[in-house]
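Colleague: pasting the sequence and the predicted coordinates here, then a few questions.
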Amino acid sequence: MAVFAEKKQLVAPGELLAEGSYFPGENTYREGNKIFASRIGLAELVANKLIVVPLKGCYIPRVDDFVIGRVVDIAMSGWIVDISAPYPALLPLSETPASRGMAARKDLTKIFNVGDLLMAEVIAFDRTRDPLLTIRGRGLGRVSSGRVVHISPAKIPRLIGRKGSMISMLKKMTSCEIIVGQNGTVLVSGRQPKNEQTAMAAMFMIEREAHTRGLTDRVSEMMNRELR
Amino acid sequence: MNELEVKLIDDNGIRVDGRKLDELRPIKMEVGVLDKADGSAYIEHGKNRIMAAVYGPREAHPKHIALADRAVIKCRYHMAPFSVEERKSPAPSRRELELSKVIRESLESSVMSELYPRTSIDIFIEVLQSDGGSRCAGITSASLALADAGIPLREIVAACAVGKVAGKVALDPSDIEDKQGDADLPVAFMPKSNSITLLQMDGSLTEEEFNQALTMAIDACKRINQLQIEALKRKYVSVKEQAEERHEPKEATA
């Protein structure tokens, strides 16, 4: 039994991570009794499982994910929404607040039009069909103000931080409202443009340096400098 | 017209560009060179200059080519009109169509396409300057671009050609050696799986020469694979070093 990769070691696809009775976690695969990485990222051993935290990758929707998407088309009974995933998402009319009533069915554009930004939740997704969204729920619906930022979805966990520590720091120091979509789209809303810009600069810095140590300190130093 | 007969191998066993029979041309690789592509890689192999870009997994266009159980992989190998001495017409030639197909097949077995059903992964290989062995350099850079895009791979594919030049088996023939040589054998190889994913031959080789050439090519592919992994990691290591270095000096003075 041997683990060949050190904790947080940068590994490339095809690199041997471990041999013996370990389990292949995300972004790894097993061949015989050996476990290899399938993506470039940082290797970690969690209990008996080897995983690779990816440095890059597209957004794959999961049920209950909060996402921010843009309406790109209007279908018979709903809207087609781009959530930066390989699959277009569908928001059916039935998943909008019931108060809309029967009359709305005549013209869907009266509710949401092409180009609108929506905050939604994924309610269904599997290998055989495109993701299904809902906007029934607290805080969901059309976005009316704020700035939109696109971050690589693989870096969103780092942006949020352990128990939300990183994102709380950003919100507190810039006094901005920051809403993070699991699909990499983030909404920033602040009183002053400078605060919003600082928050955005922090997000890009986290995206670029997600795999480095001491990131939290460097980000807070940078924000202090900018906001002085 | 009288053609100057160039001696492909001189009396000391040295080739036209100063290399020995088993020497590779200099190779440089850089990953993540195109911001807009999901993954990209640039390679300089000898005088070849090739840019590879990958988009995906994304929605398949046209929809009917999508597969229900895995991603469909599309590949376009194209030579820029200025990539060769005599301007090449930008329209896809028969050669480019064939190379697009064989390159796609050489990369397909490395991609875990079952993870993304009903999507398309698009690979673009643009040859900016060509000097023999461009399909191999194209495969090498395209595989790096796939890894850079974060697409799950079993491993990274490397490719190299071997030729027969003035009757001798020679590694990595340049354009003049390919044109005036007696055979050309491009090979793509996956070192971990010990599998060949591309094997083509132009010209004639005896069985013994073929075995010798194949061994030489596989060995070169293993070396190129090491360079690929280094290039892939280099991009992230440099960011890490720069970032952590910026932080350290402040701690020392505190």
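Modeller: Received it, and whenever you're ready, just let me know what you need.

Colleague: so how many other residues sit close to the nearest residue to residue B:68 once chain neighbours are set aside?
Modeller: Closest residue in space to residue B:68, ignoring its immediate chain neighbours: residue B:117 at 6.0 Å, by C-beta to C-beta, 6 or more residues apart in numbering or on different chains. For the C-beta atoms, the positions are set from N, CA and C on the backbone; glycine is no exception. Close neighbours of residue B:117, defined as other C-beta atoms under 10 Å in any protein chain shown, add up to 19.

Colleague: in three-state terms, label residue B:117 for me.
Modeller: Counting by DSSP: H, G, I helix; E, B strand; the rest coil, the backbone at residue B:117 sits in coil.

Colleague: low-confidence ranges in the chain?
Modeller: You didn't pick a chain, so chain A it is. Applying pLDDT under 70 to chain A picks out residues A:1-2, A:5, A:98-106.

Colleague: not what I meant, chain B
Modeller: B:1-5, B:247-254.

Colleague: which residues of it lie near chain A?
Modeller: Residues of chain B found near chain A (C-beta under 8 Å from any C-beta of the partner chain) are B:38-39, B:56-59, B:68-69, B:112, B:116-119, B:147-156, B:190-192, B:229, B:232-233, B:236-237, B:239-240, B:243-244, B:246-247, B:250.

Colleague: now a PyMOL select for only the buried ones of the residues you listed.
Modeller: To isolate the buried members of the residues of chain B next to chain A in PyMOL, using 16 or more other C-beta atoms under 10 Å in any protein chain shown:
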select buried, chain B and resi 38+39+56+57+58+59+112+116+117+118+119+147+148+149+150+151+152+153+154+155+156+190+191+192+229+232+233+236+239+243
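
Colleague: quick one, what contacts the residue nearest to residue B:68?
Modeller: Counting by C-beta atoms under 8 Å, 6 or more residues apart in numbering or on different chains, residue B:117 touches A:127-128, B:67-71.

Colleague: from residue A:81, how far off is it?
Modeller: 20 Å (C-beta to C-beta, to the nearest Å).

Colleague: show me what stretch A:159-174 is in contact with.
Modeller: Contacts of stretch A:159-174 (C-beta under 8 Å, 6+ apart): A:151, A:158, A:176-178, A:180, A:186, A:190, A:195-196, A:198-199, A:202-203, A:206-207, A:216, A:219-220, A:223-224, A:227.

Colleague: what about the residue of chain A found nearest chain B, neighbour count?
Modeller: Residue nearest to chain B within chain A: residue A:14 (2.7 Å; C-beta to the nearest C-beta). When neighbours are counted by other C-beta under 10 Å, residue A:14 registers 23.

Colleague: dihedrals phi and psi, it?
Modeller: phi 90, psi 0 (degrees, to the nearest 10).

Colleague: I'd say it and residue A:35 touch.
Modeller: No: Residue A:14 is beyond contact range of residue A:35, at 11.7 Å (criterion: C-beta atoms under 8 Å).

Colleague: returning to what we had before: the contacts of stretch A:159-174, buried ones only, as a ChimeraX selection?
Modeller: The buried subset of the contacts of stretch A:159-174, as determined by 16+ other C-beta under 10 Å, is captured in ChimeraX by this line:
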select /A:151,158,176,178,180,186,190,195,196,198,199,202,203,206,207,219,220,223
